[in-house]
Each structure stands twice: as structure tokens, then as C-alpha cells.
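In: Quick one: sequence and predicted model below, then my questions.
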Amino acid sequence: MPSDGSPAPSRDDPPGEPPALRVGVIRRGPGAVFPAWQAHCLGGLLDLDGVEVVLLVSDERAPDRDPSGVPHTPMPRLDNLLWTMYHSVWIRRRSRASRPVSLDDLLSGVSEVCLRDEPPGAASGRAGALDAIRAADLDVILDVESSPISREIAEMARHGAWSFGFGDPQTSGDGPACFWEVYRGDVVTRAALEGLSGADAQRSVLYEGYVKTIRYSYPRHRDAVLLGVADWPARACRQILAGVPPVPTPVPAPPAPGSAAAVPTNREMVRLLGVTAWRVAGATWAALVRRDEWNVGIAEAPIHAFLQPGARPQIRWIPRARGGSFLADPFVADHGDAAGVLVEAFDARDGKGRIVVLAVESGGGLGPPEPAIEAPVHLSYPYLIEHAGQIYCVPEMHQAGKVDLYRATAFPHGWVRCATLIEGIAIADATVFVHDNRWWLLCSVEGDHPNTTLHAWHAADLSGPWAPHPANPLKTDVRSSRPAGAPFAHGGRLYRPAQDCSQTYGGAVVINHVQRLTPAEFAEEPVARVEPDHAGPYPHGLHTLSAWGQRTLIDGKRRRFAPWGWWWPLRSALGRLTAHGSDRLGLRRPLGTACRRE
């Protein structure tokens, strides 16, 4: 890796091809060893066709910082001693995000310059470094250390200089990334990819997200956030390559360095350890003696009625399941003389979901559950589609790492698997619909933040091929991302129900107004929030709205005291372990299904 300050090569792209995005990376210190989250960030950029990392800038002017942006001090102060020990022993050595990763192979041949302040009267090595950065002809400058970027450097890149920001930009100051949210017990934590560009060095937000705070563990929360934001620069570059760069949102200037508490004091560390221990104990106790139960209800109002603030239509709940099982995720379809509601039926005895049908009775009620679709993996969210005179179902099966399409042969009980839409990705709550003469699949993806991101695929035909949206993930917000039912149109607008999982999984439904949805763009804003009826039999959650003419299907959650509630999950886990072991020995046949394959 050249380190003599020589400029990177100028553009030399093949004729007829668009020029590659040239990226320069600012980091602390020389070399090609990065913390894991930064290595993941750079790896995502290097994997993109049309993106080149052409320059590494070692910025020795900035204070020495840890991978979350916290300045190190040569001699720790006594009132911060516990933080220093905690950070050195636990965070630096045990953190997945901070694990050192060498990128020597990927960055070999990339030019490197060193940026440092020179004493007055000395030969200007800094001027030479700035000349090398300018000569590199950069499109983007990415600072992976979250250090302050000067205006003169930001002006050297066509799309400005990018860096990460964590917490409220007006109050976060120089504190450890994501620390104070855990300390205070905040429900969500903000993260952002920020940009600095233009002659006036306007600071803006390119991409912003809100993730659920893991309040019982600062190390786990820090890892999840840092690793979760690592692909945001690649996302922004994909949008630029697609011709639709991210729209920057101006933000006020950040607080002056040191304006907020930077390093936790000994008293604050003692309090943190105490409250996190208390939260762990509370969560463990709740897991042992409380269980979530879901049930399906019929709201006597059309789905657009929920756009009104405080809407409280009358709800008729069906008889709840017995024996620790429950019903959830209702979707309805009418097909000639047949009408049926497909729901997930979760059986606590084996920890597995199946798709069952509730027949629509003459009086408008719902009959008892009957088998519809079963598979070797857990099934849920039986999303229904009516197309070309046929009824299709797209059940969630993220454990299988694919999205299968089922066609009704004798609706609502007979089904056949007819296609695989997407495979190789653990997709949750696939929601398939037509918008502007194009098929869309919106979903969440299982991972570090399974309820936080919204992804999209699109196709000209239901059978595919399906192409990922270049802006994936379209959205990172645990309060309004994961789908919660079929989108619906009202008053010439498209609305999308989504889950609010910030307090608890399926805590409420947020209805978003989809403003733009094209193969290159996406924008939506929350316009209504549907809370569970806190005075009703299911006061603790609601995570599906499904249109049914002048009525709406919903589901609701309640937490029930169950002193032996731990037994069923343990029995289910042991059963899966035993089955897995038996399968490996050839002593057990694969689980059967209630549908055949075409």
C-alpha cells in the first residue's frame, strides 16, 4: 500500500461505461486493520460494482478514539476509572463490533496519505496531503472514525464527506456510542449517516434509523447498532449509482465538543451495572412465569376508519384456543361461494406454527380452525393474493430461507406450492401487492434487528423474476417498519400498516402514507397509530390489520401469568434437538405437509 503521499490514479473508465464512484476513507492511524464493523462497512463498498476505494487517509490530527468514537486519554482520570476498566476489559476484548479485521488483501494497492498538523514554520506536509486528496478526484469521502471533518476536505468530494452519528444530535456530545440510551433506559436509539458538503459546509442527514434499545446489556446493544449501520454507506452508493442519490435533510449544528457528558463517571457506572442487573432479573422472571397469547377479532369498521385519531370500533373476539396455543395474523378472501380466513395457529407443544382456515359462517362469524397449509418449518402471516381468477397465499417461512407461493386448488382448504419467489434470505412477513402496474414485495429480514428494517423487491409478474430495491433497506425504524397487513388505498393515497415493536413485539400498528414507491425511490410517513384496547381482553399488543369489506380483521395480545409457562418452550426446544439428532441418524422421517407440490 503506497504511503508516500502520491496521488491516486485519475479516472480511466472503459468507453461507454459510467464512471465508477471513487471513495476515499478517513480513519485513525495507518495500516489496513479495522474494527469489525468498519471492516464490514468497507467490505460492503468494495463488493459493489461501480465503486472503488482509491485512497486511505490516516488522520493523525483527531484525538485517539475507540471504534465508537470515544476519545482515549493517555492517563485515565480517577473519577472515570470504572469506565476505563469496563471499556478496556469488556468492550475492547469481547465486542463483536470491535474485533480487529485485516483488509490487506482488499486494500492492497490503494494509495495512503497521512494528514497531520505541522508546527509553525515547518515544511508543509499537510498541504501535500491535501493536494493528494484533491488529486484523487473523489466522489465520496467516508470517515469511519466519526471524527470532525473539516470544510476544506468535505469540499473535495462531489457528494461530500460522510460520517456516522449516534444519539440525539443536539444532546449526544462526545459520549460513547449508544451508552446513554442504555443508561437512561430509552425505548429506542437513533443512528444516522450524516453528510457534510457545499461551500457553506451544510451538515445533513442522508439516512436515519431508530433501533430498539437493548436495555439489559450495553455491549450487546452497542454491537447491534454498530454492525447494523455498517451497510448504510453502501446503500447510499447504490442509490447514487441508480441515479437517485439520497436526499439530504439539513440538521442543526451539533453541540460543541465536551458539551455533553463524554465519559461515564464511577457513580454512573455503578448505577448502570445495578440497573442492567435488575432488568436482566425482571426479563428472566417474566420469561419464566408469563406467556404471550394472541387471538383474532373482527372490528365492525372498514380499515380506513383506523386513519381517524383514536378510532375505537367495536371488536368481536373469537373463542380463544386452549392448551397454550393461539391464533394470529388473519387474512381473508372470498372466492365464489367460498370465503375463508387464513390464520397462523401456534402450538405451544412443539413451538411450531401452521396455517389453518376459519370458515366464514352465514351470520358473519368465524368457524373453528381447520388445517390448510403445513410445512416442516414454522409458518405464519398467511398473506392472501387474488390474481387472474386465482387465490394465492404467501406464508412466512423465514426458517427455510425462502418465500414460497401457494395456489388454492379447492379454496380455502386445498393448496399447492407453485413457485419460489425469493430464496437465500430469511424474509419475514412478505407482503405482495400491485402498485403502478408493478408487483411489489415488502418485508422484514431476520437478523440483528428483525423488526427494525423494511426491504423491498419488485417484478413485472407475480412469478418473477424479483429484483431487490437499490435502496434496501428502505427504512430502519423499529417503530414503523415491519409489515402488519396488506396495504390499502383510500382517497387516492396508498397506506401501509406496520408494526411498532419499540416497547414489545407487536405492541401496536402504525399506518404509513406511502408517498413514493418506484424501482428507484421510496418514501413514507406515519399518519396514524392504532393502539390495542387497554380495557379489553387483549390489551398488550396488536400487530395485524386486514381489510374485509366494511369490516376489518385484527389480532390482539395479552400477557398471562403462567407459572409453568417455561415448560412448553423447553419441551419444544428439546423436541427439536431430539428430532434433529434422529434425522442425522436416519431414524426419523421428514415432517409431512398438508399440501402437495406441483
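Out: Looks like it came in fine.
In: H449 contacts A224, correct?
Out: Yes - H449 is within contact range of A224, at 6.6 Å (criterion: Cβ atoms under 8 Å). Backbone N, C-alpha and C define where each C-beta goes, glycine included.
In: Please give me every residue in contact with the closest residue to D79 other than its chain neighbours.
Out: Nearest non-adjacent residue to D79, counting by Cβ to Cβ, 6 or more residues apart in numbering: T265, 5.2 Å away. By Cβ atoms under 8 Å, 6 or more residues apart in numbering, the contact list for T265 reads D79, N80, W83.
In: quick revisit: okay, and the common contacts of H449 and A224?
Out: Counting by Cβ under 8 Å, 6+ apart, the residues touching both H449 and A224 are V211.
In: hang on, the earlier thing: which of the contacts of T265 lies closest to L307?
Out: Distance ranking of these against L307, using Cβ to Cβ, places W83 first at 47.6 Å.
In: Check what pLDDT that closest one gets.
Out: In this model, W83 is scored at 89, pLDDT.
In: Next: G198.
Out: So, for G198, pLDDT stands at 63.
In: can you map out the helices along the chain?
Out: Counting by DSSP state H, the chain has helices at residues 36-46, 81-86, 92-94, 104-107, 125-135, 151-154, 179-184, 218-229, 232-241, 266-289, 567-585.
In: how about the spatially most central residue of the chain, what does it touch?
Out: Geometric centre of the chain, nearest residue: T453, 2.7 Å, by Cα atoms, centre = their mean. The contact partners of T453, by Cβ under 8 Å, 6+ apart, come to S444, V445, G447, P473, L474, K475, T476, S481.
In: got the phi/psi numbers for the residue nearest to D79?
Out: Taking degrees, to the nearest 10, you get phi -80, psi 170 for the backbone angles of T265.
In: mind checking how far P35 is from S217?
Out: Taking Cβ to Cβ, to the nearest Å as the measure, P35 falls 19 Å from S217.
In: quick one, which of the two is more surrounded?
Out: Legend: neighbour count by other Cβ atoms under 10 Å for P35 and S217, higher for P35 (23 against 14).
In: buried residues in stretch 479-493?
Out: By neighbour count on 16 or more other Cβ atoms under 10 Å, the buried set for stretch 479-493 is R479, S480, S481, R482, P483, A484, G485, A486, P487, F488.
In: One more: stretch 463-481?
Out: Neighbour counts over stretch 463-481 (16+ other Cβ under 10 Å) mark 464, 466, 469-481 as buried.
In: And for stretch 397-409?
Out: For stretch 397-409, a neighbour-count test (16+ other Cβ under 10 Å) marks M397, H398, A400, K402, V403, D404, L405, Y406, R407, A408 as buried.
In: Return the residues in contact with the residue nearest to the third one when sequence neighbours are not counted.
Out: When the adjacent residues along the chain are set aside, A400 lies closest to V377, with 4.8 Å between them (Cβ to Cβ, 6+ apart). The contact partners of V377, by Cβ under 8 Å, 6+ apart, come to K352, M397, Q399, A400.
In: where does the second one land on pLDDT?
Out: So that's M397. M397 is assigned 96 on the pLDDT scale.
In: what does the last one give?
Out: A400 is assigned 94 on the pLDDT scale.
In: Against C114, how distant is it?
Out: Using Cβ to Cβ, we find A400 at a distance of 50 Å from C114.
In: which residue sits closest to A419, ignoring its sequence neighbours?
Out: L405 (4.3 Å).
In: residues contacting that neighbour?
Out: Y392, C393, V394, R417, C418, A419, T420, L421, L462, S463.
In: In TSV: those residues, plus pLDDT.
Out: Formatted as TSV, the contacts of L405 follow (pLDDT from 0 to 100):
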residue	pLDDT
Y392	97
C393	97
V394	98
R417	95
C418	95
A419	95
T420	96
L421	97
L462	96
S463	90
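In: Just the buried subset of the residues you listed, written out for PyMOL, thanks.
Out: To isolate in PyMOL the members of those that are buried, counting by 16+ other Cβ under 10 Å, one can use:
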select buried, resi 392+393+394+417+421+462
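In: Let me have the contacts of L405 in a markdown table, extended by distance to I298.
Out: Below are the contacts of L405 laid out as a markdown table (distance: Cβ to Cβ, whole Å):
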| residue | distance to I298 |
| --- | --- |
| Y392 | 24 |
| C393 | 20 |
| V394 | 23 |
| R417 | 30 |
| C418 | 30 |
| A419 | 32 |
| T420 | 33 |
| L421 | 30 |
| L462 | 29 |
| S463 | 33 |
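In: Closest one of the contacts of L405 to G274?
Out: Of those, the one sitting nearest to G274 (Cβ to Cβ) turns out to be V394, at 46.7 Å.
In: thought that closest one was touching K402?
Out: No - using Cβ under 8 Å, V394 is not in contact with K402; the gap is 11.0 Å.
In: just to revisit the earlier point, let's see which of the contacts of V377 end up in strands.
Out: Members of the contacts of V377 lying in strands (criterion: DSSP state E): K352.
In: that older thread, ok, which of the helices of the chain comes nearest V296?
Out: Of all the helices of the chain, helix 567-585 sits nearest to V296, with 20.9 Å by Cβ to Cβ.
In: how about the buried residues of stretch 397-409, which pair is most distant?
Out: Longest span within those, Cβ to Cβ: H398 and A408, 22.6 Å.
In: Flag the shaky bits of the stretch 351-500 of the chain, pLDDT-wise.
Out: Within the stretch 351-500 of the chain, the stretches with pLDDT under 70 are 448.
In: Actually, the stretch 201-350 of the chain.
Out: Along the stretch 201-350 of the chain, the parts satisfying pLDDT under 70 run over 201, 252-261, 336-337.
In: Next one: V110 relative to A36, how far apart?
Out: From V110 to A36 the distance is 20 Å (Cβ to Cβ).
In: Oops, could you answer that again for Y86 instead?
Out: Relative to A36, Y86 is positioned 20 Å away (Cβ to Cβ).
In: ok, now F346?
Out: 36 Å.
In: Excluding chain neighbours, give the residue nearest to R134 in space.
Out: Sequence neighbours aside, M156 is the residue nearest to R134 in space, at 5.2 Å (criterion: Cβ to Cβ, 6+ apart).
In: List the contacts of the one you found.
Out: L130, I133, R134, L138, I141.
In: Kindly recompute the last result at 10 Å.
Out: For M156, the contact set (Cβ atoms under 10 Å, 6 or more residues apart in numbering) comprises G24, L130, I133, R134, A135, A136, D137, L138, I141.
In: ok, those residues vs F179, which is closest?
Out: The closest of the contacts of M156, once distances to F179 are taken by Cβ to Cβ, is I141, at 27.1 Å.
In: Wait, L545 touches R529, no?
Out: No - using Cβ atoms under 10 Å as the test, L545 is too far from R529 to be in contact (11.7 Å).
In: which residues do those two both contact?
Out: Residues touching both L545 and R529 (Cβ under 10 Å, 6+ apart): F306, V509, I511.
In: Am I right that the first one is in contact with A484?
Out: Yep, that's F306 we're talking about. No - with contact defined as Cβ under 10 Å, F306 does not reach A484; the gap is 11.1 Å.
In: any idea how far F306 is from I318?
Out: Counting by Cβ to Cβ, the gap from F306 to I318 is 20 Å.
In: ok, back up a step: and the buried residues of stretch 479-493 as TSV, adding distance to A286?
Out: Shown next, in TSV, are those (distance: Cβ to Cβ, whole Å):
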residue	distance to A286
R479	22
S480	25
S481	25
R482	22
P483	27
A484	24
G485	28
A486	32
P487	34
F488	35
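In: Tell me which of the residues you listed fall in strands.
Out: Among the buried residues of stretch 479-493, the ones falling in strands (DSSP E) are F488.
In: and which of the buried residues of stretch 479-493 is nearest Y383?
Out: The closest of the buried residues of stretch 479-493, once distances to Y383 are taken by Cβ to Cβ, is A486, at 7.1 Å.
In: Between the two ends of stretch 367-381, what distance do you get?
Out: Taking Cα to Cα, to the nearest Å, stretch 367-381 runs 19 Å from one end to the other.
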